[in-house]
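Colleague: when you get a sec, could you give me coordinates for this:
(one chain, ligands or ions: 1)
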Amino acid sequence: MVLVVGGAGYVGSHVCHALRAASEPHLVLDNLEKGHRQAVEGSPLVVGDIRDPNTVKRVLAEHMPDTVMHFAACIEVGESVRDPAKYYWNNLYGVLVLLEAMREASVERFVFSSTAAVFGEPHYVPIDENHPTCPTSPYGDTKLAVERMLRAFDVAYGIRSVALRYFNASGAQPGANIGEDHDPETHLIPRAILAALGRVPPLVVFGTDYDTPDGTCVRDYVHVSDLARAHLLALAHLRADGPSRAFNLGGGEGRSVREVIESVERVSGRKVPHSFGDRRPGDPARLVASSKLIQSELGWRPRFVDIDEIVSHAWVWHSAHPEGYRS
Ligand code: UDP
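Modeller: Below you'll find the model as predicted:
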């Protein structure tokens with residue numbers, strides 16, 4: 001049985017969907033601050049906060065999971081600069097409480113949502129696992145700190161882990177009635193779609209003078225259902241006594257902001273109202289993953305690499321749920 005901490009969020013709910021499809025017993029622990037109850041219909045849910053040791057200890061003692069997956073993090077780079085305490089408190093202290101409770105309950109497998117933000121400004125692309133880690137935000141700092149904590153906890157306490165460093169999670173599981181619903185929504189694909197639907201003001205393209213083919217930033221959009229499958233492979237790896245690992249996870253192709261806008265226009269048949277603005281502080285020009293390591297070690301392959309296919313799944317979700325789960 002798997003404890004899915006933060007399972008009611010965007011990536012977590014897709015992992016729960018994959019766990020249900022695999023008939024894998026699991027339980028969601030989520031404080032529902034950012035998560036949505038409707039996102040985990042069909043999965044058992046306990047509402048609680050990982051920063052409360054008593055809650056975590058009780059859940060572990062009652063349900064005795066063999067593995068914990070962690071998604072319960074704050075994820076906004078800009079916010080982490082303005083309010084780093086929130087990030088250290090939730091993303092670092094929360095994980096420490098969880099790991100300490102796991103240690104006490106002898107739960108020795110952990111799958112961790114990490115991020116491309118652990119790398120900071122890239123020295124080369126595609127970014128592989130040998131690339132130096134040098135985060136440029138408190139958000140990235142907290143994720144890297146947890147990765148380091150996990151390495152030490154493996155050596156000292158035998159807790160084995162897989163850290164999955166997502167690049168740009170996007171899309172939605174077709175036919176599952178789950179999708180992206182952040183408040184506020186800052187990500188490019190949902191913002192472009194919501195702008196096309198007239199739900200948000202016109203999109204502002206952050207910077208057109210980058211050293212990229214069309215001057216806008218290039219990112220690696222990886223389908224959230226492909227991310228979800230990587231979690232199940234990580235689970236199998238740990239259950240087969242595989243060693244602790246950190247893997248990069250991307251679709252493997254860089255797409256510029258302009259290309260994403262064009263894709264949304266093709267898929268939706270609508271114009272994306274947009275203007276061109278200044279660079280957003282902290283945005284590297286290009287972030288593209290090499291996912292070769294997880295491909296060779298766990299056999300992971302992204303199923304959805306075509307940007308129009310990824311955007312079309314996001315479009316189906318957002319056009320049916322223009323106000324997210326409130327719709
Ligand atoms: N972006 C943009 N306008 C927006 C939101 C994002 O131009 O309203 C750009 C952003 O600068 C980045 C890319 O789109 O180059 C992806 O940004 P997102 O916030 O989706 O993900 P990130 O790469 O920051 O994790």
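Colleague: how much space between His321 and the ligand?
Modeller: 19 Å (CB to the nearest ligand atom, to the nearest Å). The C-beta positions use only the backbone N, C-alpha and C, and glycine is treated the same way.
Colleague: and for the nearest residue to that residue once chain neighbours are set aside, the neighbour number?
Modeller: Take His321 and drop its neighbours on the chain: the residue closest to it by CB to CB, 6 or more residues apart in numbering is Ser327, 4.1 Å away. Ser327 sits with 10 neighbouring residues when counted by other CB atoms under 10 Å.
Colleague: how much space between Ser327 and Leu194?
Modeller: As judged by CB to CB, to the nearest Å, Ser327 and Leu194 stand 12 Å apart.
Colleague: got the buried residues for stretch 55-62?
Modeller: Judged by neighbour count (16 or more other CB atoms under 10 Å), stretch 55-62 contains these buried residues: 55-57, 59-60.
Colleague: the ligand: which of those residues is nearest?
Modeller: Closest approach to the ligand among the buried residues of stretch 55-62 (CB to the nearest ligand atom): Val56, at 28.6 Å.
Colleague: so who does the spatially closest residue to the closest one that is not a sequence neighbour touch?
Modeller: Using CB to CB, 6+ apart and skipping residues adjacent in sequence, the residue nearest Val56 is Ala101, 4.2 Å away. Counting by CB atoms under 8 Å, 6 or more residues apart in numbering, Ala101 makes contact with 53, 56-57, 60.
Colleague: now the stretch 151-300 of the chain against the ligand: closest residue?
Modeller: Cys217 (2.9 Å).
Colleague: show the model's pLDDT score for that residue.
Modeller: Predicted confidence (pLDDT) for Cys217: 97.
Colleague: just checking, it touches Arg258?
Modeller: No. Counting by CB atoms under 8 Å, Cys217 sits too far from Arg258 to count as a contact (9.7 Å).
Colleague: tell me which of the two has more neighbours.
Modeller: Cys217 (25 against 19).
Colleague: for the more buried one, what are phi and psi?
Modeller: Note on Cys217: backbone dihedrals following degrees, to the nearest 10 are phi -60, psi 150.
Colleague: how about Arg229?
Modeller: phi -60, psi -30.
Colleague: do I have it right that it meets Trp300?
Modeller: Yes. Taking CB under 8 Å as the definition, Arg229 is a contact partner of Trp300 at 6.7 Å.
Colleague: which outside residues touch the helix or strand of the chain with the lowest mean pLDDT?
Modeller: Ranked by mean pLDDT, DSSP states H and E, the weakest helix or strand in the chain is helix 77-82, scoring a mean of 91. Outside helix 77-82, the residues that touch it by CB under 8 Å, 6+ apart are 74, 86-87, 117, 137-140, 142, 186, 280-282.
Colleague: tell me which residues of it are tucked away?
Modeller: For helix 77-82, a neighbour-count test (16+ other CB under 10 Å) marks 77, 79-80 as buried.
Colleague: stretch 119-136 now?
Modeller: Buried residues in stretch 119-136, counted by 16+ other CB under 10 Å: 119-120, 122, 125-127, 129, 131, 133, 135-136.
Colleague: repeat for stretch 267-281
Modeller: For stretch 267-281, a neighbour-count test (16+ other CB under 10 Å) marks 267-268, 270, 272, 274 as buried.
Colleague: taking those residues one by one, which sit in strands?
Modeller: His274 (DSSP state E).
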